[in-house]
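Student: Please find the sequence and the predicted model below.
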Amino acid sequence: MKLNPDQTKAAHHDGGHLLVLAGAGTGKTRTIIARAAHLISQGVDPKRILALTFTRRAASELVGRLKSQVGPSADNIRAGTFHGFCLNMMRHFPKAFGLDQLTILDRDDQLELVGMVRSGFVQKPEKGFPKRERITELMSYSRNTNIGFEEYIKKLGEFQEAEMAKLKSIHRAYEARKRLRNYVDYDDILYLFARTLHMPSMQDVSRMIAGQFDHILVDEMQDTNPIQWLILDGLRDPAKLYCVGDDAQSIYAFRGADFENVHSFTTRVKGGTVLPLITNYRSTQPILDLANWLLAQSPLNYEKRLESARGTGMKPKLVEFDSPAKEAAWVVQDIIEKHEGGMKLKEIMILVRAAWMTRDLEAALIENNIEYEFIGGTKLMQTAHVKDLLALLRSGISQRDELGWSRYLRLFNRVGDVTANSVIDQVSALKSAEQAIEMLPDILGSAGKIPDAEQLVQGLVDLQKNRNSPEKAIKNAVAFLNPIQKKRYDNWQKRYRDYELLITLAKRHKSLEAFLETYTLDPVSATFDSRSDDKDILTLITVHSAKGTECKVGYVMKVQAGVYPHSRSLEDLAAIEEERRILYVAMTRAKDELILTRVAERFGSPIFFGASSGRVAPGGTSDFMTEYPPELVDYEMQGFQPSPFEDLGPIIARFRPEDN
DNA sequence: GAAGCGTTATACTAT
DNA sequence: ATAACGCTTC
């Protein structure tokens, strides 16, 4: 692996903790790989190296590159996401963490449980009282920033005394409910691990865990939040930290990311060194010029100008459309032309701000038979029909899993909330899932007349028989649910195919529990299982997921008001600046060609519903690309129909913002 | 009283 | 696309 002098200095660093502060494309991941290779060549046991990333995408990329560039010895490096690592450790020491039997709640489960708890305190709709989404957000943020819930909502200053009292009760009830049901949500995974690591009475355990590692490599340090910092802090010394980060790419404030972890590195870490990397190897200069310009417009001073080692190249393009459908059609057509010209689809990436923005695009891709993978967005495990199946599996595993039981029970005729809850109350009081299933006929009998009670029980009995063969269990469950689901879902054929993928995945696991846990923490993409092989397919990706990756040609869609910056962030200057960084991250993914597309605002975008509809930045309509310097960008207009009402366009649009 | 059904509201980003 | 809501049916 070729490295420049600065990169070499970083990779070979031998003086304690190190922070590599490096701009986009300067080779952060490269130096992590090189660092691992260097350590191994110096005789460090790969097992004693831990590599942590923030997103699953970054983790899988790191693992892949370690394999291909360091060789087989890299297989023993422990690499993964913070969540994956923490859970793994807790599984190894179940007694210390008190987590013998547990079910992990994904975001949907969490929302549902919070909703159930909330309804116990808010019977009638209360105007202005936070919905379950907001409450979940509040609890999650306070956990990740390690601030007490009470203190946090007080500090926010947006709630009245009575509301705060109620929120506090809901929070307490949610925590109690999780304990009762053996539930652990994503935030708990980090919190429980961090807490034990720092508990004086748990020193034995924390020494045992920290003692496993000599070197901890951390990717995207600017995105770590306080709880993740506590984890790193608990693992270091004697282990050495090797962190890479870039404050201009900090885009996870909503998760409590704290870039003090970067700015105050040397004060927080005694004997720490900061090493900058300056030269960009990824993109050609015209792409960097535009990215540099974008950052320079910020009131914040990033003290950053990316200089390309690759020299000049194609100027970024900005293409404007009069409708989202035309935008999508043009992008797809442009890709087809490039593909026919010999470019591989896997060298192209389409970047979007939010997952739902690919609707038109996906339709156009399917129409043109272009295979793609969507990273970010709805996962297979989150789709309704798969959740039905998982509910059956979960009910068979734990009598206490009320979310699983509730969903399964309500699949059957004449079973709704009330019946389900009464069954759950009785079932969860029993000792085991086996006993629950044994007693179920009696319980159902006393719950009232349920026409398909026998069938309901049979589904669980069949499942029990195949507890240790997930493949068989899922095959049976799919067949069992088939008649019920056929009635429920109209596009049944399409949904049914998802089960085939699920069955394939199940073959890799020895137990249902292991199967469920793996895919809760690392859900499969709804469009394609990229791990099966490396076919030539197009990548659709959210900007957040794309951080740390690169592509030859990058399309950034909907670079327009309401999207960059997002209409939800307009009140807050800090939030707007985070939006700027998001666009910056998007632009700096492209190596050779950067194409920005947008839909003209007078035709009804921004395309939001409800309260956020049509909102624009204070002082009038604007987005980051409204006043781009013409010498940096090639502008093009596409698909505009000349209209006799041309002059009225903006006025009509103003009065009909919902037209889209 | 509980379930079922049609209508309406809601949706950023990650683990 | 799915959840929540309100009205009708069992």
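Tutor: Thanks, I have it.

Student: pLDDT weak spots in the stretch 301-450 of chain A?
Tutor: Filtered on pLDDT under 70, the stretch 301-450 of chain A yields the residue ranges A:378.

Student: Find the closest residue to DNA strand C in it.
Tutor: Per Cβ to the nearest atom of the strand, residue A:384 is where the stretch 301-450 of chain A lies closest to DNA strand C, at 3.6 Å. Backbone N, C-alpha and C define where each C-beta goes, glycine included.

Student: how much space between that residue and residue A:461?
Tutor: 25 Å (Cβ to Cβ, to the nearest Å).

Student: do residue A:224 as well
Tutor: Residue A:224 is 47 Å from residue A:461, by Cβ to Cβ.

Student: Look at the two and report which has more neighbours.
Tutor: Set residue A:224 next to residue A:461 and count neighbours by other Cβ atoms under 10 Å: residue A:224 wins out with 28 against 12.

Student: who touches the more buried one in this structure?
Tutor: By Cβ atoms under 8 Å, 6 or more residues apart in numbering, the contact set of residue A:224 is A:54, A:82, A:218, A:232, A:257-258, A:261.

Student: and if we set it to 6 Å?
Tutor: Residue A:224 is in contact with residue A:261, counting by Cβ atoms under 6 Å, 6 or more residues apart in numbering.

Student: Is any residue of stretch A:413-432 near DNA strand B?
Tutor: Yes - using Cβ under 7 Å from any atom of the strand, we find that stretch A:413-432 touches DNA strand B at A:413-420.

Student: what about that stretch, start to end distance?
Tutor: Taking Cα to Cα, to the nearest Å, the first and last residues of stretch A:413-432 lie 26 Å apart.

Student: Specify the strand with the largest residue count in chain A.
Tutor: Ranked by residue count and defined by DSSP state E, the top strand of chain A is strand A:590-599.

Student: For the next helix-or-strand element following that one, name the packing helices and strands.
Tutor: Next helix or strand after strand A:590-599 toward the C-terminus (DSSP states H and E): strand A:634-637. Strand A:634-637 sits against strand A:317-321, with contacts defined as 3 or more Cβ pairs under 6 Å, 6 or more residues apart in numbering; DSSP states H and E.

Student: Next, the angle from the strand it packs on to strand A:590-599.
Tutor: 20 degrees (axes from the mean of the first three to the mean of the last three Cα atoms, to 10 degrees).

Student: thinking again about what came up before, can you tell me which of the residues of stretch A:413-432 next to DNA strand B has the largest number of neighbours?
Tutor: Of all the residues of stretch A:413-432 next to DNA strand B, the highest neighbour tally under other Cβ under 10 Å goes to residue A:415, namely 22 neighbours.

Student: count of neighbours near the spatially closest residue to it that is not a sequence neighbour?
Tutor: In space, and not counting its chain neighbours, residue A:415 is closest to residue A:409: 5.0 Å by Cβ to Cβ, 6 or more residues apart in numbering. By other Cβ under 10 Å, 25 other residues sit near residue A:409.

Student: quick revisit: how about the residue of the stretch 301-450 of chain A closest to DNA strand C, what does it touch?
Tutor: So residue A:384 contacts nothing (Cβ under 6 Å, 6+ apart).

Student: Distance check, it against DNA strand B.
Tutor: 13 Å (Cβ to the nearest atom of the strand, to the nearest Å).

Student: And residue A:388, by the same measure?
Tutor: Using Cβ to the nearest atom of the strand, one gets 14 Å for the distance from residue A:388 to DNA strand B.
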